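1. sequence unknown, structure follows:
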């Protein structure tokens, strides 16, 4: 599956509850999208998230259903195939 970085901007500081996270993960799963990792900006108003997905459209559909922004969706490649495998192993371990 392809890797994508999604930039999200929020009007207010981001403060997700456990229930919010569960809903987003459920919607992602329904759309065939898998969250791997996120960075939060220092002002807590932007996130940069790494996802596996079949297409940008699947990411946008999941974002719309979960009512979260997806300002930019960029397909990226790992530096090496080994890095992609390590990243997936790490994502599996932290779940």
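-> Done, it's in. All values derive from a computational prediction rather than experimental measurement.

2. CA only for contacts and neighbour counts going forward, please
-> Noted.

3. Where does pLDDT dip in the protein?
-> 13-14, 79-84, 94-95 (pLDDT under 70).

4. Can you show me the strands along it?
-> 2-9, 34-40, 46-53, 72-76 (DSSP state E).

5. So what's the gap between the shortest one and the chain middle?
-> Averaging C-alpha positions (CA atoms, centre = their mean, to the nearest Å) puts strand 72-76 11 Å from its chain's average.

6. related to what we said a few turns ago, just send the strands of the chain back as JSON lines, with distance to residue 60 and mean neighbour count too.
-> Converted to JSON lines, those look like this (distance: least, CA to CA, whole Å; neighbours: other CA atoms under 10 Å):
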{"stretch": "strand 2-9", "distance to residue 60": "10", "mean neighbour count": "19"}
{"stretch": "strand 34-40", "distance to residue 60": "13", "mean neighbour count": "16"}
{"stretch": "strand 46-53", "distance to residue 60": "10", "mean neighbour count": "20"}
{"stretch": "strand 72-76", "distance to residue 60": "8", "mean neighbour count": "15"}
